[in-house]
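Undergrad: all I have is the shape, not the residue letters:
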């Protein structure tokens with residue numbers, strides 16, 4: 001037998017080396033078995049239908065509740081302006097004084113003519129009565145009697161004419177006092193003292209606008225109205241005429257207006273150019289925060305979805321084509337994909353109109369670690385942060401749809 005110079009046989013070294021390799025391979029397999037990946041853990045939300053108040057946010061502009069343009073009703077020269085531009089005025093307050101002298105003269109003249117006509121009437125009445133008595137004895141002719149009666153009737157008519165003239169002159173004299181027809185805020189004056197005015201002139205002397213309350217006119221598409229009516233008829237929405245006309249307002253900078261408005265009416269005519277119609281809302285405005293012409297947004301209540309399905313937006317993904325979907329976990333812990341039909345966003349959640357059923361568990365956190373068909377461990381999701389809240393359920397149905 002061949003021996004190594006150190007006394008060891010070569011085949012014995014080979015056997016020892018193979019034994020060491022087999023031992024190392026067994027250890028490696030044991031290590032791989034110990035480091036097998038654990039079942040991924042995901043946070044889920046269980047779908048629970050709930051009543052949710054649905055609103056539509058529409059753009060619009062404010063307009064004054066009442067508008068009165070001040071115009072003169074008689075010709076004349078302005079003697080005084082008795083208000084401060086931009087101030088609040090009350091109904092009946094004197095704004096301008098037109099020179100009353102010529103109208104006072106006209107009134108005095110009409111009164112004098114009336115007095116003259118009234119003074120002639122007694123003598124004409126006596127003459128007619130005497131002619132009637134003499135006519136019985138044929139002391140006067142029938143023609144004389146008829147003339148006396150006609151003269152008395154003419155005197156009565158003249159009295160009525162001058163009475164009307166006196167009243168007209170009194171009205172014109174009153175028109176020299178230009179007063180406020182409504183209460184509100186008056187704008188700038190277009191004329192100054194000494195200006196010549198013409199009755200019913202096109203140029204308004206000033207404009208008064210009542211700002212409390214104030215109108216908000218918004219537009220809604222006729223397609224939205226048809227969709228709303230279909231949902232009501234199908235029972236997807238319920239309404240309540242008592243609370244259904246409340247409207248919340250957002251200012252043009254996005255801040256909410258503190259007071260609620262009330263839907264006054266929907267226009268019955270659709271604009272053929274835009275396919276929309278107007279909704280008029282009355283909003284309290286005690287501090288005049290809203291001014292005519294401001295852009296606002298109005299949240300008009302549509303109705304109550306009694307069994308609405310809401311899903312947190314962070315749990316909704318989209319395919320490369322943009323179609324929304326969620327991953328759900330069944331009772332055995334297996335992941336499935338559900339394609340969704342979304343209605344609208346409500347706060348930080350999506351309102352789902354199709355694709356999910358009550359009781360299903362939707363994965364909200366851990367989406368990157370799972371794929372459809374995988375097995376996962378589902379734990380309840382705990383929202384964190386002020387924006388992760390459920391949409392407030394409606395207490396009662398609160399919207400009326402015409």
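TA: Nice, I can see it. Everything quoted here is computed from the prediction, not taken from an experiment. Numbering: from 1, shown residues only.
Undergrad: quick one: low-confidence parts of the stretch 1-150 of the chain?
TA: 1-37 (pLDDT under 70).
Undergrad: all strands for it, in order.
TA: 41-46, 50-70, 76-81, 88-89, 94-98 (DSSP state E, counting those that start in this stretch).
Undergrad: now these as TSV including distance to residue 364 and mean neighbour count?
TA: Yep, even glycine has a C-beta here, placed from its N, CA and C like the rest. Output for those, formatted as TSV (distance: least, Cβ to Cβ, whole Å; neighbours: other Cβ atoms under 10 Å):
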stretch	distance to residue 364	mean neighbour count
strand 41-46	5	18
strand 50-70	17	17
strand 76-81	69	17
strand 88-89	55	18
strand 94-98	65	19
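Undergrad: among the ones you listed, which is nearest residue 289?
TA: With respect to residue 289, and counting by Cβ to Cβ, the nearest of the strands of the stretch 1-150 of the chain is strand 50-70 at 10.2 Å.
Undergrad: and the residue nearest to residue 191 when sequence neighbours are not counted, backbone torsions?
TA: In this structure, residue 191 finds its nearest non-sequential neighbour in residue 205, 5.6 Å apart by Cβ to Cβ, 6 or more residues apart in numbering. Dihedral angles of residue 205 (phi, psi; degrees, to the nearest 10) stand at phi -70, psi -40.
Undergrad: out of the strands of the stretch 1-150 of the chain, nearest to residue 308?
TA: Nearest of the strands of the stretch 1-150 of the chain (Cβ to Cβ): strand 50-70, 4.0 Å.
Undergrad: quick one: low-confidence parts of the stretch 251-400 of the chain?
TA: Residues of the stretch 251-400 of the chain that meet the cut-off, pLDDT under 70, sit at 384-400.
Undergrad: could you pull out the strands for it?
TA: So, for the stretch 251-400 of the chain - with DSSP E, counting those that start in this stretch - the strands run 261-266, 276-283, 295-312, 317-318, 324-329, 335-339, 341-346, 349-354, 361-365, 377-380.
Undergrad: A helix includes residue 214, no?
TA: No - Residue 214 is assigned strand when assessed by DSSP: H, G, I helix; E, B strand; the rest coil, not a helix.
Undergrad: isn't it right next to residue 61, touching?
TA: No - counting by Cβ atoms under 8 Å, residue 214 sits too far from residue 61 to count as a contact (10.7 Å).
Undergrad: residue 185 and residue 203: what is the separation?
TA: Look at residue 185 and residue 203: by Cβ to Cβ, to the nearest Å, they are 20 Å apart.
Undergrad: can you check residue 64 too?
TA: 20 Å.
Undergrad: do the same with residue 213
TA: Counting by Cβ to Cβ - residue 213 and residue 203 are separated by 29 Å.
Undergrad: looking at these two, which one has more neighbours?
TA: residue 213 (20 against 11; other Cβ atoms under 10 Å).
Undergrad: now do the same contact list for the more buried one.
TA: 65, 282, 283, 284, 285 (Cβ atoms under 8 Å, 6 or more residues apart in numbering).
Undergrad: what residues are up against the fourth one?
TA: So the one you mean is residue 284. Counted by Cβ under 8 Å, 6+ apart, residue 284 has contacts 212, 213, 259, 261.
Undergrad: likewise for the first one?
TA: Taking Cβ under 8 Å, 6+ apart as the criterion, residue 65 is in contact with 210, 211, 212, 213, 214, 215, 282.
Undergrad: want to throw the residues you listed into JSON lines with distance to residue 155?
TA: Conversion of the contacts of residue 65 to JSON lines gives the following (distance: Cβ to Cβ, whole Å):
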{"residue": "210", "distance to residue 155": "51"}
{"residue": "211", "distance to residue 155": "56"}
{"residue": "212", "distance to residue 155": "56"}
{"residue": "213", "distance to residue 155": "57"}
{"residue": "214", "distance to residue 155": "58"}
{"residue": "215", "distance to residue 155": "57"}
{"residue": "282", "distance to residue 155": "58"}
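Undergrad: which residues does the residue sitting nearest the centre point of the chain bridge with?
TA: Residue closest to the mean C-alpha point of the chain, counted by Cα atoms, centre = their mean, is residue 298 at 3.9 Å. Beta bridges link residue 298 to residue 58, residue 249, judged by DSSP bridges.
Undergrad: quick one on the thing from earlier: I'd guessed the residue nearest to residue 191 sits against residue 188; true?
TA: No - under the criterion of Cβ under 8 Å, residue 205 makes no contact with residue 188, lying 10.2 Å away.
Undergrad: how near is residue 187 to residue 292?
TA: Following Cβ to Cβ, the distance that separates residue 187 from residue 292 is 10 Å.
Undergrad: ditto for residue 207
TA: When distance is defined by Cβ to Cβ, residue 207 is 10 Å away from residue 292.
Undergrad: neighbour-wise, which of the contacts of residue 65 leads?
TA: Result: residue 214 is most packed of these (other Cβ under 10 Å), 24 neighbours.
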